[in-house]
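> Here is a sequence with its predicted model. Questions after.
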There are 2 protein chains.
Amino acid sequence: MIDDAAVLIVEDDADVQRAARIALAATCRLIEVRANPAGLEGTLEAANFDVVLLDMNFMAGERSGAAGLDVLAQLQALDSTLSVVLMTAYGGVALAVEALKCGATDFVLKPWHNDKLIATVGSAATATRRRRTAETLNLDRLEHGAIERALLQHGGNISLAAAALGLSRPALYRRMSKHGL
Amino acid sequence: MIDDAAVLIVEDDADVQRAARIALAATCRLIEVRANPAGLEGTLEAANFDVVLLDMNFMAGERSGAAGLDVLAQLQALDSTLSVVLMTAYGGVALAVEALKCGATDFVLKPWHNDKLIATVGSAATATRRRRTAETLNLDRLEHGAIERALLQHGGNISLAAAALGLSRPALYRRMSKHGL
DNA sequence: CAACCGGTGTCCGGAATTGAACACTAAGCC
DNA sequence: GGCTTAGTGTTCAATTCCGGACACCGGTTG
C-alpha cells in the first residue's frame, strides 16, 4: 500500500476538510485543500498529485452532483492518468453508477469510515502510479498484450489472430517467438 | 442505438423474467433466460450474446450480492468482450461501486424503468460490439494511440516520448510520419 | 564570447523484417 | 480412396527498418 501519496481535496465544507486531513494525515506525503474547483489547472501543475478527492456538491443546496461530474471531466481532460475519487453525502445508486461510468476511480459516501477512506485513496494512488509508469506505453509490452489477447480471442487460431492484429501469418510467428509465446 | 442485440438474462424470479422479456422484446433480436448460472459456458458458446443481464441474488434470502460478483468474474473469464449489466433489488451504493469496479458495464435497480433498461442494454451491447471489432487489436492502431498518448504525456518532447515507448528517436520520427503525426 | 547542454531533424550501411510460396497434416465430403 | 478445404510451420530474396553519427539551434553558464 502506498504511504506517500499526494492528495488534492476539493471540498467546500470546512469540517469535512478537517476530517479528511486528519484521516489521511498518517498515510499521505502531501495533502492540499481547495474550497472550490477554480484554478484547478495551476494547482495540478504545481504539485503532481496522485489522487483528487472531489466533493460532488459545492454550491449549497445543489444536490444533483452535476457540478462534480463536470469537474471530473475537466480533471480527466487535464491529466488522464490521475485518479479521481468522488465524495458525496446525498448520493444514490444512480449517481454512483454515473460517476464511475464517467471514469471516476471510486465513490465514497460521507460520513466515511476512516480506514476505508485510507484504503480507497491508497489504491487510487496505486492506480495512478501504475498508469504513469512508462511501461504502460512501452510498445513491446503493448504488442505482447495485444498478441496474447488476439490468440485468446480466436482460440489459438494463428491465422485469424494474425488477421485481427493486422499482421501476416509469418510475422505473427516471428513476434510470438520474440515474446516467448 | 442497437436494435438487434442478443441478451441473456440470468434471473430466478419468474415475474422479473417476464417483465424483462416484455421490456426488451421490441428492441432485441434474441432474449434467452436462465434461472441460475449453472452451465453458463455452454449457453454462451451457443448463441454469441451481446449483453448479459445478471441478477445478483439467486439464492432466496441471500442479499450480499457476492454470488453475482462471482458469476461476473466467471463471465469475464469466459469472454472478456462481453458486457455484463447487474441487477438487484437490495443494492446500496457500496455494492454498485464494487460491481462496477469489478468490471460490470452498468448496474440497475429493480424495479426498473423500462425505457431506462432499454437504453442501458442498448449501450452495453454497443460497447460489446465495439470491443469485438478487430480494430481494438490492430497493432497499427494500437501503436498510433500509444504514440499520441506518449507525446501528450511528455508535452511534445520527442526524446522523452521515444524513451517511454521503448524506441530510438529516429524510429519514433519514422513511425510518426507513417501515422501522420 | 566561448563552451556546454538538451533538444531537433536527417543520413546511410548493415541488420532485421517482410510476405509469397512451399511442403505438410487433419478433417470433411463425395 | 481421391478431392477439397483450412489450417500449420518454414524458406529466402527483396524490402524495410534500425540506430549511431552528424549538423544544427536556442538557452544558460562561466
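Thanks, I have the structure now. Residues are numbered from 1 along each chain as shown, chains lettered A, B, ... in the order given.
> From now on I want contacts and neighbour counts done on CA atoms only, so please keep to that.
Noted.
> and A:Gly145, that's in a helix?
Yes: with DSSP: H, G, I helix; E, B strand; the rest coil as the criterion, A:Gly145 is located in a helix.
> Please determine how far it is located from chain B.
According to Cα to the nearest Cα, to the nearest Å, A:Gly145 and chain B sit 9 Å apart.
> That residue: neighbour count?
By other Cα atoms under 10 Å in any protein chain shown, 14 other residues sit near A:Gly145.
> all strands for chain A, in order.
A:5-10, A:28-34, A:51-55, A:83-88, A:106-109 (DSSP state E).
> And the third one, how far out from the chain middle?
For strand A:51-55, the distance from its own C-alpha centre to the chain's C-alpha centre is 10 Å (Cα atoms, centre = their mean, to the nearest Å).
> Go ahead and name everything in contact with it.
A:5-12, A:68, A:82-88, A:121, A:124-125, A:128 (Cα atoms under 8 Å, 6 or more residues apart in numbering or on different chains).
> swap in the second one?
When contacts are defined by Cα under 8 Å, 6+ apart, strand A:28-34 is touched by residues A:3-12, A:17, A:21, A:24-25.
> again, only using 7 Å
Outside strand A:28-34, the residues that touch it by Cα atoms under 7 Å, 6 or more residues apart in numbering or on different chains are A:3-11, A:21.
> How about the lowest-mean-pLDDT helix or strand in chain A, which residues are buried there?
Least confident helix or strand of chain A, by mean pLDDT, DSSP states H and E, is helix A:40-47 with a mean of 82. Buried residues in helix A:40-47, counted by 16 or more other Cα atoms under 10 Å in any protein chain shown: A:40, A:44.
> Only the C-alpha atoms, please, for that helix, written as CSV.
Output of helix A:40-47 as CSV, limited to C-alpha atoms (Å, rounded to 0.1, in the frame of the first residue of the first chain):
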residue,chain,number,x,y,z
LEU,A,40,-7.5,23.6,-10.9
GLU,A,41,-5.1,23.6,-13.8
GLY,A,42,-2.4,25.6,-12.0
THR,A,43,-2.8,23.6,-8.8
LEU,A,44,-2.3,20.3,-10.6
GLU,A,45,0.7,21.6,-12.4
ALA,A,46,2.3,22.8,-9.2
ALA,A,47,2.3,19.5,-7.3
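> Any part of that helix near chain B?
No: judged by Cα under 7 Å from any Cα of the partner chain, helix A:40-47 makes no contact with chain B; its nearest approach is 12.5 Å.
> which ones are touching A:Arg132?
A:Thr81.
> ok and the least confident helix or strand of chain A relative to strand A:5-10, angle-wise?
Inter-element angle recorded for helix A:40-47 and strand A:5-10: 160 degrees (by axes from the mean of the first three to the mean of the last three Cα atoms, to 10 degrees).
> how about A:Gln35, what does it touch?
That one is not Gln; residue A:35 is Ala. A:10-12 are the contacts of A:Ala35 under Cα under 7 Å, 6+ apart.
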